[in-house]
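Participant: Take this sequence and fold it.
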Amino acid sequence: IKNAKVIPVGALALVIDKSGSMSGEKLNLSLAAAREAIKMMGPRDFINVVAFDEMPYNVVPLERVGNGRNALARVSRITIGGGTNLYPGMKMSYESLKQADAAVKHMIVLTDGMTPEAEFTELCRQMQKDKITVSAVAVGPDADRALLARIASVGKGKFYAAPNPRVVPRIFMVEARRIATPVIRELSPSVAPQRIADHQMLTGIEGAFPPLAGFVQTTVKENSLVEVLLRSPVPAIEKNATVLATWTYGLGKAAALTTDAGSLWAGSWKNWDNYEKFFSQLVRWSMRPAGEQGNFTIATQTTDGRIQVVIDAIDDQDEFVNQLSLYGSVVDPELKPLPLTVEQTAPGRYVGEFAASDPGSYFVTIATPSGSMMRAGVNVAASREYGDFQINLPLLERLASSTPEGGVPGQVVGTVGDFPFATTAGNKFAQDLDPFRRDLPPAVTSRDMWPPLVVAACVVFLSDIFIRRVQLDFTGLGVRLSSLLARRKLVEAPATLARLSAKKAEIRQRYQPPAVEAPPVAIARTVQEVSAAKPQARGSAEPHESPVEESMTSRLLAAKQAVKDNRWRREDS
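Facilitator: Alright, predicted model coming up:
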């Protein structure tokens, strides 16, 4: 059980002979074995160590192990001396173990000599009543093996004859496991196991299972091919409460039933109507099939790194068989199991797929409802580059026989010489055969130059005509580019201002007088009349006489002024 944290308390008593005959290697190995046994115990367990010669010595009084430092230090200080008397030591250790509040109590006695007769049988029977077991170890050929064997027999323990003291540590470690975590789970009151999944071995078994009084606790493997069929409601850790589980491993099958067949824990199963049916189906499912595949055919195909398994099922009348429960398993090239789920995809056809990324051989096993097994093997090759293809020797010879101009034919290296390349002589031959020889003349080729020259002449001719006939003016290009870059987006005037401007333009156009062309003489006369009609300013001198001949510009200005005056008069009127 990997994850059981709650460990029942155990009590271990070590009764060790420290007489003069235990000098040297015997005592050293016995003390080392005692220390290793203490290290195996849990911190809540009890330990008691009694050393004896002619008198008993309570080296480590009954106490909890804790970190074990106190008990280890006390055991290391045991020294030899005196004779041998086992009974007082056992009696002292028994009185200590009776006081321990532990689920498991066990005593180990070790001696190498003869001990006086005493009431060992009566003492062992008293220990048996107090549920204390005793194991005995006889070290060397001089130990009283008959007495120690009788102590172990009455004490419900084991007797070990150790002619070589070097096996004592191993014996102590085996015995120390007696107070380790018990894997047996007693159920009081009895509890009926729960069905977790349907399976072929449970076919035809309806209703609940009878109650169980106990089972052996286990840990379920972390594997997708393990199926838990029955589980006890107690304990709460589901991985440790499995009663029935199956496992498809490789090409075989395994079933684990953690209770008995009715002698101790499953006594109520004997009167169960499905008792014989259940056990017969369990055994028959686990047995090796006879090899009959019936009317099933299996085929495989590899596509894009996945292997597809196709099973066709027909009956004796060549009719499709539907709704079958087919179980499959796959073993990859590394001998690791892969999950395979088989589902019906068409009448009588069942298909399963699994990934096959690694090259190698895959073994597929399909279990039919009748118990027979169908097997198939699929070989996934590596890259086609490493495929087992034959050498195209005729092609190589044809290529090598080509004779270049001024040279000699080539050679096919694999067929030249009498030595394989794997040998030293073959390696020397391969080095002497220079595939990059320099005995061929340099390769020379010729090519006409007139086509590119004609193209170049046409380009030059057309360019000359363009330069002579087309005049390009780039003076205004800079200004235009500047105006384009500096152009700003005009903001549209409000609608009210636009209507006002349009109204003003309309009025101005409506009241504009028509243009009247006057002859030069009339223009001159008009100018003179206007000049005469203007009042002279106060205090001004007499006007000067105008020159006899006026210029054309003066006359034109006078005429324009007259026109303006006439317009003003009309507007005033």
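
Participant: From one end of stretch 298-308 to the other, what's the distance?
Facilitator: Length of stretch 298-308, first residue to last, Cα to Cα, to the nearest Å: 10 Å.

Participant: what's the answer for stretch 284-297, then?
Facilitator: So stretch 284-297: terminal residues 23 Å apart, Cα to Cα.

Participant: For it, give the mean pLDDT please.
Facilitator: Across stretch 284-297, the average pLDDT comes to 67.

Participant: ok, then the element right after the helix or strand bottoming out on mean pLDDT in the chain?
Facilitator: Lowest on mean pLDDT, DSSP states H and E among the helices and strands of the chain sits helix 520-533, with a mean of 53. Moving toward the C-terminus from helix 520-533, the next helix or strand (DSSP states H and E) is helix 552-572.

Participant: Mind listing what's buried along that following helix?
Facilitator: Neighbour counts over helix 552-572 (16 or more other Cβ atoms under 10 Å) mark 555, 558-559, 562-563 as buried. For the C-beta atoms, the positions are set from N, CA and C on the backbone; glycine is no exception.

Participant: Same question for stretch 40-57.
Facilitator: 40-42, 45-53, 56.

Participant: still on that earlier bit, for the buried residues of helix 552-572, which one is nearest residue 190?
Facilitator: residue 563 (137.9 Å; Cβ to Cβ).

Participant: Give me the phi and psi angles of residue 465.
Facilitator: When quoted as degrees, to the nearest 10, the phi and psi of residue 465 stand at phi -60, psi -40.

Participant: okay, now the nearest residue to residue 116 once chain neighbours are set aside: neighbour count?
Facilitator: Leaving aside its chain neighbours, residue 116 sits nearest to residue 85 (6.0 Å; criterion: Cβ to Cβ, 6 or more residues apart in numbering). Neighbour count for residue 85, taken as other Cβ atoms under 10 Å: 19.

Participant: do the same with the one 5 residues further on
Facilitator: Around residue 90 there are 26 other residues, counting by other Cβ under 10 Å.

Participant: now swap in residue 248 and tell me
Facilitator: There are 21 residues near residue 248, going by other Cβ under 10 Å.

Participant: Look up how far residue 300 lies from it.
Facilitator: Here the criterion is Cβ to Cβ, to the nearest Å. By it, residue 248 lies 18 Å from residue 300.

Participant: can you check residue 441 too?
Facilitator: From residue 441 to residue 300 the distance is 59 Å (Cβ to Cβ).

Participant: Comparing these two, which residue is more hemmed in?
Facilitator: Counted by other Cβ under 10 Å, residue 441 and residue 300 do not tie: residue 300 has more neighbours, with 16 against 9.

Participant: so where is the stretch 101-250 of the chain shaky, pLDDT-wise?
Facilitator: By pLDDT under 70, the weakly predicted segments of the stretch 101-250 of the chain are 177-183, 250.

Participant: what about the helices in it?
Facilitator: Under the criterion DSSP state H, counting those that start in this stretch, the stretch 101-250 of the chain contains helices at 120-129, 145-154, 168-176.

Participant: most packed of the ones you listed?
Facilitator: helix 168-176 (a mean of 19; mean count of other Cβ atoms under 10 Å).

Participant: what sits up against that one?
Facilitator: Residues outside helix 168-176 that contact it (Cβ atoms under 8 Å, 6 or more residues apart in numbering) are 12, 14, 29-30, 32-34, 36-37, 40-41, 106, 108, 110, 135, 137, 139, 157-158, 160, 162.

Participant: so of those, which ones are in strands?
Facilitator: Taking DSSP state E, the ones among the contacts of helix 168-176 that sit in strands are 12, 14, 106, 108, 110, 135, 137, 139, 160, 162.

Participant: where's residue 246 relative to residue 185, distance?
Facilitator: 21 Å.

Participant: swap in residue 556?
Facilitator: 136 Å.

Participant: Tell me the spacing between the nearest residue to residue 272 once chain neighbours are set aside and residue 481.
Facilitator: Spatially, and ignoring its direct neighbours in sequence, residue 272 is nearest to residue 210 (5.0 Å; Cβ to Cβ, 6+ apart). Using Cβ to Cβ, we find residue 210 at a distance of 104 Å from residue 481.

Participant: Pick out whichever of these two has more residues nearby.
Facilitator: residue 210 (18 against 10).

Participant: Count the neighbours of residue 340 for me.
Facilitator: Neighbourhood size, residue 340 [other Cβ under 10 Å]: 21.

Participant: Tell me the pLDDT of it.
Facilitator: For residue 340, the pLDDT comes out at 88.

Participant: Distance of the residue nearest to it when sequence neighbours are not counted relative to residue 337?
Facilitator: Counting by Cβ to Cβ, 6+ apart, residue 328 is the residue found nearest to residue 340 once chain neighbours are left out, at 3.8 Å. Using Cβ to Cβ, we find residue 328 at a distance of 11 Å from residue 337.

Participant: and if you look at residue 39?
Facilitator: Relative to residue 337, residue 39 is positioned 37 Å away (Cβ to Cβ).
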